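A.B. asks: Have a look at this prediction, sequence included:
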Amino acid sequence: MKILQLTDSYPPAIGGMERHVQTLSHELVRRGHQVTVLTIGEVESYLDHGVRVVRVAGWQRSLRRFGADLSHEFHPPAPDPVVVAALRALVRDDRPDVVHGCRWIFYSYVAAKRSGWPPLVLTLHDYGLQCIKKTNVFEDSACTGPAVGKCVGCASGQYGPLIASMLVSGRVSCRPLLGRVDQFIAISTSVAVAAHSSLPAGAAIEVVPSFINRRLLDAGDQRPTIAPLIDTESYLMFVGTLGRHKGCDVLLAAHRRMRRRVPLLAVVAGPGEAPRSGEDVVVVRDAEHAQVMAAWRRAAVAVVPSRWAEPFGQVAVEAMAAGRPVVASDTGGLADVVLAGVTGLLVPAGDADALALALDDLVADPGKGQAMGAAGRVRAGEFTADAVVPRIEQIYRAMLSRAEVSRSE
C-alpha cells in the first residue's frame, strides 16, 4: 500500500505522538509499504530510514509561538490554505491508497478531500477534538463538556484571549468536516469516551493503543547512562515534561513524606522551571531516549504521578519494557496500561499521601517489585509495534474494501 501520514510535528521534535508516528512509519516500510509523511516546518523533503518526509511551512505556522512548546509545530483546528495546496499536489502526484492523520493537520485534508480521494483514518492521540488545550481539563478537574464561552475563558491562560477565541471558533465552525473522516482510532478507552460527544452520529471508532519498538524489550543500548549520577540502584525515577499536569510536584511532596529515604531521579523536558537537585533528588534535563531507557533498567520503581487523564501512558509502557514496577495515577489511559496489583500500583491522581504509601510499599518489599517488573515486561509486549501495527494494517484494508464497494455501487 501507499500510505500518506499527516502529523503536525515530527522528530527531531520530542514527544510521544512524534515517536509514535515515526515508529509506525518505519514499521510500515519494514512491512513492505510505501510511506510519505507530510508535516509542518521549514520547507524540505528527505528520507528517514525509507520514509519520505515532506515539510511544508503553512501560513498559520506563525501561531506556533502560542503552543505549549516552541520545539513542536502547531497547526490550528481549521484548514491551512498552504497545507491544503500541498495535500492536493501530493494526492495528485503520489496517489496514496490510504491517508492516516493525527492532531489538527487532518483539518486541512478533510477540507481538501474530494470524491474518489483516499479514505482517511484519524488517530486521536489526545483530547483535541473537544478541547483546544488538548487536555480535557477545566479548572484542575475533568471537563464536563465544551461550550464556547467556557472554552475561551479556560484556554485564554495558555493562548491569550484573541487566539483562544480564534481557535475555539475554528473548532466549532469546522466540526462538520469530521463527517469526512472514514475511521477514528482512539489510543485508549479514556480518549474514546471523551471524544464520543464530538463525533458525527454513527462514526466508527476503535481503540488501538499506541506502541513501542520491540527492541526496547531487549537489553538494548549500552551507551553511558544518566543513572551513575545516583550511586545506588534503589532509586525512584520520573520522566516527563515540566507542566503541572504531569504531577512532578505531587511526586516531590510524596517523596518528602516517605518513611524510607530513597533517591529520586527526575528526567524532565520542555519549557518551565525545573525543580532543583538536592541531597536525594537528581534532576536531569533533555536526556537522550537511549539514556533514559538505560536509566530505567537500574531504577527500583517507575513513577507516573499525572494529575490529568493521560491519553495513553507511553512512559509507563517504556518503564515496564525495562522490567520496572510502575506506580501511577489511576486516571486516563494509565488505567488501560498498568494492571493494578500485577504490573504496579494505581493511586488517586494528585494524592501525595497515597503516592508515598505506595512507593514505601514497593521499596520495603523488593521481591514484590521484581515480580511486578517481570509481569510488566510481559505486559509491555502487548504494546509493541509487532502486536499493534497489524491491527492498523487491518483497518487500512477494511477502509479500502469499503471504498471499493462504494465506487462499484
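C.D. replies: Done, it's in.
A.B. asks: Can you show me the helices along the chain?
C.D. replies: For the chain, helices defined by DSSP state H occupy the ranges 16-30, 81-94, 106-112, 148-159, 161-173, 189-195, 248-257, 289-296, 314-321, 334-337, 352-364, 366-380, 385-408.
A.B. asks: Just the residues contacting the third one, thanks.
C.D. replies: By CB atoms under 8 Å, 6 or more residues apart in numbering, the surrounding residues in contact with helix 106-112 are 6, 58, 75-80, 83-84, 87-88, 91, 99, 101, 120, 122, 170, 174, 177-178, 180-181. Yep, even glycine has a C-beta here, placed from its N, CA and C like the rest.
A.B. asks: quick one: which of the helices of the chain is nearest residue 209?
C.D. replies: helix 385-408 (6.2 Å; CB to CB).
A.B. asks: which helices and strands sit right next to the closest one?
C.D. replies: If you count contacts as 3 or more CB pairs under 8 Å, 6 or more residues apart in numbering; DSSP states H and E, helix 385-408 packs onto helix 16-30, strand 98-102, strand 120-124, strand 183-186.
A.B. asks: Out of the ones you listed, flag the one nearest residue 46.
C.D. replies: Going by CB to CB, the one of the helices and strands packed on helix 385-408 nearest residue 46 is helix 16-30, 13.1 Å.
A.B. asks: Check the average confidence over that closest one, would you?
C.D. replies: When pLDDT is averaged along helix 16-30, the result is 92.
A.B. asks: chain center to that helix: distance?
C.D. replies: Counting by CA atoms, centre = their mean, to the nearest Å, helix 16-30 is centred 12 Å from the centre of its parent chain.
A.B. asks: which residues sit against the helix or strand of the chain with the lowest mean pLDDT?
C.D. replies: The weakest-scoring helix or strand in the chain, judged by mean pLDDT, DSSP states H and E, is strand 141-142 (a mean of 81). With CB under 8 Å, 6+ apart as the test, strand 141-142 has contacts from 136, 309.
A.B. asks: Sheet partners, orientation included, of it?
C.D. replies: When pairing is defined by DSSP bridges, strand 141-142 lines up against strand 137-138 (antiparallel).
A.B. asks: and the closest residue to residue 398 other than its chain neighbours, what does it touch?
C.D. replies: Distance criterion CB to CB, 6 or more residues apart in numbering; nearest residue to residue 398, sequence neighbours excluded, is residue 183 at 7.8 Å. Contacts of residue 183 were listed using CB under 8 Å, 6+ apart, and they are 119, 120, 121, 122, 204, 205, 206, 395, 398, 399.
A.B. asks: Present these as a markdown table; the columns should include pLDDT.
C.D. replies: Converted to a markdown table, these look like this (pLDDT from 0 to 100):
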| residue | pLDDT |
| --- | --- |
| 119 | 95 |
| 120 | 97 |
| 121 | 97 |
| 122 | 97 |
| 204 | 83 |
| 205 | 92 |
| 206 | 95 |
| 395 | 97 |
| 398 | 94 |
| 399 | 92 |
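A.B. asks: Filter these down to the buried ones and hand me the ChimeraX line.
C.D. replies: The ChimeraX selection below is limited to those of the contacts of residue 183 classed as buried (16 or more other CB atoms under 10 Å):
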select :119,120,121,122,204,205,395,398,399
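A.B. asks: Can you add distance to residue 325 and give the contacts of residue 183 back as JSON lines?
C.D. replies: Below are the contacts of residue 183 laid out as JSON lines (distance: CB to CB, whole Å):
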{"residue": "119", "distance to residue 325": "42"}
{"residue": "120", "distance to residue 325": "40"}
{"residue": "121", "distance to residue 325": "35"}
{"residue": "122", "distance to residue 325": "35"}
{"residue": "204", "distance to residue 325": "37"}
{"residue": "205", "distance to residue 325": "32"}
{"residue": "206", "distance to residue 325": "30"}
{"residue": "395", "distance to residue 325": "33"}
{"residue": "398", "distance to residue 325": "38"}
{"residue": "399", "distance to residue 325": "39"}
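A.B. asks: of the contacts of residue 183, closest to residue 1?
C.D. replies: Distance to residue 1, by CB to CB, is smallest for residue 399 among those, at 10.5 Å.
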